[in-house]
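Participant: Sequence unavailable; structure follows:
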């Protein structure tokens, strides 16, 4: 396979290794992951973090071509932090908080994503998908529990009650792979979906975009720029993002009824880009790096779990790029599926816990659809009526405030699992009027020594207990044992107003009122966290028996 | 009971709108009317009222 050309990225070459199965080795694996894209590899790394080995199969011998997904949200950075990769990502990627939307030549909306000094990570980081994949793969390659197989093309997948059978083609011949569970991470044109006769259901949007990357030196900061009905693309929409290595992403809408072939001619693309650059005042030389045609979809499987096979990322759902949720929800899928699978395989949870994967992650997809379809209809109005009203909003927003919120691109937000079958004691959540809600991911807090709360959470469950007196109740200390999972004790984080002496637990000082206020906690408040940082339950005044029951209910797969 | 215009006020409103539509010019007509609808919907502050107005206007369209 020829290495794709690039002005800045050196595509790695991953060698084909003749699999033992071709020489008669009989093997049975716990987990096989189909697809070594960012979602598949994130799942493999999360499984490895819980000591579960896996095989990852990919038809290619390198990373995906073209920068594709480029925005990594804070929640994904926290996942990468758990996988030990966040520092490498943060070093290379470009962080940002702001964006500006323009109507014709006027600014109509200023985006500011929520950010505070309490967060380790910025709300968003831009980095090309090639780097995202390369960094993830480099980590996977040195993880002995991950067997990464390149030029292994999956052509069929079947399952019985007890196993999954995968047919694989390689340059040296074909073989069959058996496993207990499989994660289908093979993207938009998933072979796994095909094999199982499954179809994505939902809507396709009319609007089409050329997605192009150019290399160009510019001092413009890393901000999202959206242009509605600009001079250089009248009646249409443009999106501009900055990436590392002086790469700029330019997405521009093409008119309906325009001939795809005509628009995809390189000279036509260069022409359009040149006029866009002229509009934004860029005069530097530039090189065209990559381009592709894009259409927005909101498509999803009815069920993300089919017996022993779980679908993650684009194999399960396709979401519009506006709002940057494709990669971000894919990574959340991977983490969710992987910890649950690991717990089942390790014997720490009932297999029924896997039933919660689809309601949780498909629920997240529907939330994305809701928000993304609003922003897609705004970016690319699907009808004359929508077009008229969209333009009305933009024009009104030049000088008026009231409808500017409608221009918000509704960027990726993590989903809450409060409705999940795994979540119990929902009524206890109502006792709080702030803090991270039951089902939501816990947010970070900077501690007095400049470490962060999320640095201390465990691989399994974590209890965060707020202390205003001099002693932690014995029954709370005992939670380290009663909520242990295999060899993993429950991590107990005590947030105390006073410097107390505590054995084994993590002590974070909260002499300043802030940390208590952030979580709307008082002495005796307790947050119980799942392995994926989502709040399983929280109590204003902890009831230890309920905490234990909540934990057991989760590992049993939830109420009927 | 929502405030309604008196006959004299209706005459004035008719004139204001006619002039405004002309001033907008034929190529900006639609944009002007869409903007006005949305601004007025916001000022009305009542979605049910908006729905009723849409239904009323649709009759005999």
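Facilitator: Done, it's in. Remember, it's a predicted structure, so these values are computed and weren't measured experimentally.
Participant: switch to C-alpha atoms for all contacts and neighbour counts from now on
Facilitator: Fine.
Participant: So what pairs up with residue A:310 in the strands?
Facilitator: Beta bridges link residue A:310 to residue A:183, residue A:305, judged by DSSP bridges.
Participant: Could you double-check that it lies in contact with residue A:180?
Facilitator: No. The criterion here is Cα atoms under 8 Å, and residue A:310 misses it with residue A:180 at 11.7 Å.
Participant: These two: who's more crowded?
Facilitator: residue A:310 (26 against 19; other Cα atoms under 10 Å in any protein chain shown).
Participant: May I have the predicted confidence score for residue A:3?
Facilitator: Note for residue A:3: predicted pLDDT of 64.
Participant: For the nearest residue to residue A:97 once chain neighbours are set aside, list the residues it contacts.
Facilitator: Nearest residue to residue A:97 in three dimensions, chain neighbours excluded: residue A:113, at 5.3 Å (Cα to Cα, 6 or more residues apart in numbering or on different chains). Contact analysis of residue A:113 by Cα atoms under 8 Å, 6 or more residues apart in numbering or on different chains lists A:97, A:98, A:123.
Participant: Let's have the residues you listed in a markdown table, adding neighbour count and secondary structure.
Facilitator: Output for the contacts of residue A:113, formatted as a markdown table (neighbours: other Cα atoms under 10 Å in any protein chain shown; DSSP: H, G, I helix; E, B strand; the rest coil):
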| residue | neighbour count | secondary structure |
| --- | --- | --- |
| A:97 | 16 | coil |
| A:98 | 17 | strand |
| A:123 | 24 | coil |
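Participant: Considering these, which is situated nearest to chain B?
Facilitator: Taking Cα to the nearest Cα as the measure, chain B lies nearest residue A:98 of the contacts of residue A:113, at 27.4 Å.
Participant: Any chance of TSV for the contacts of residue A:113, columns pLDDT?
Facilitator: Listed next are the contacts of residue A:113 as TSV, based on pLDDT from 0 to 100:
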residue	pLDDT
A:97	97
A:98	96
A:123	96
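Participant: per-residue confidence averaged over stretch A:362-382?
Facilitator: Here the average pLDDT along stretch A:362-382 is 89.
Participant: Distance from that stretch to the middle of the chain?
Facilitator: 16 Å (Cα atoms, centre = their mean, to the nearest Å).
Participant: Tell me what residue A:125 is bridged to.
Facilitator: Applying DSSP bridges to residue A:125 gives these bridge partners: residue A:72, residue A:95.
Participant: what's around it, how many residues?
Facilitator: Neighbours of residue A:125 under the rule other Cα under 10 Å: 24.
Participant: Please apply the same query to residue A:485.
Facilitator: 19.
Participant: Please tell me I have it right and it contacts residue A:346.
Facilitator: No. With contacts counted by Cα under 8 Å, residue A:485 stays clear of residue A:346, the gap being 9.5 Å.
Participant: In contact with residue A:405, which residues are there?
Facilitator: Contacts of residue A:405 by Cα under 8 Å, 6+ apart are residue A:109.
Participant: change it to 10 Å
Facilitator: Each residue near residue A:405 by Cα atoms under 10 Å, 6 or more residues apart in numbering or on different chains is listed here: A:109, A:110, A:111, A:393, A:397.
Participant: Show me the one in those residues that has more neighbours than the rest.
Facilitator: residue A:393 (26 neighbours).
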